[in-house]
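Engineer: For reference, the sequence and a predicted model appear below.
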Amino acid sequence: MTPPVLAELEQNIDALIKRCAQLEAEAKAFREKESAWQQEREQLIEKNQQARIRVEAMITHLKGLSNTEQVAL
């Protein structure tokens, strides 16, 4: 191969190496964001379950009060 062809090939290889490094960095950032979103999702699911339990307890309590009032009448 002639020197200009080798130089061009070397430039192309360097560009590919640089692009590969960029893609690896982007993939790592995406994985980190996905992990953070997954943790946030799990926290929101837990909060939702806790809220549901509290609401069900309030409903049960209110039903108990309503039954107590009916018995008193």
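Structural biologist: That came through, no problem. Small disclaimer: the values here were computed from a predicted structure and weren't measured.

Engineer: Tell me how far the closest residue in space to residue 9 that isn't next to it in sequence lies from residue 10.
Structural biologist: Leaving aside its chain neighbours, residue 9 sits nearest to residue 1 (7.4 Å; criterion: Cβ to Cβ, 6 or more residues apart in numbering). Heads up, the C-betas are built off the backbone N, CA and C, glycines and all. From residue 1 across to residue 10, the span is 11 Å (Cβ to Cβ, to the nearest Å).

Engineer: next one: residue 3
Structural biologist: From residue 3 across to residue 10, the span is 10 Å (Cβ to Cβ).

Engineer: So for these two, which residue has more residues nearby?
Structural biologist: Comparing residue 3 with residue 10 by neighbour count (other Cβ atoms under 10 Å), the higher total belongs to residue 10, at 10 against 7.

Engineer: Model confidence for the more buried one, exactly?
Structural biologist: pLDDT, residue 10: 96.

Engineer: Thanks a lot, catch you later.
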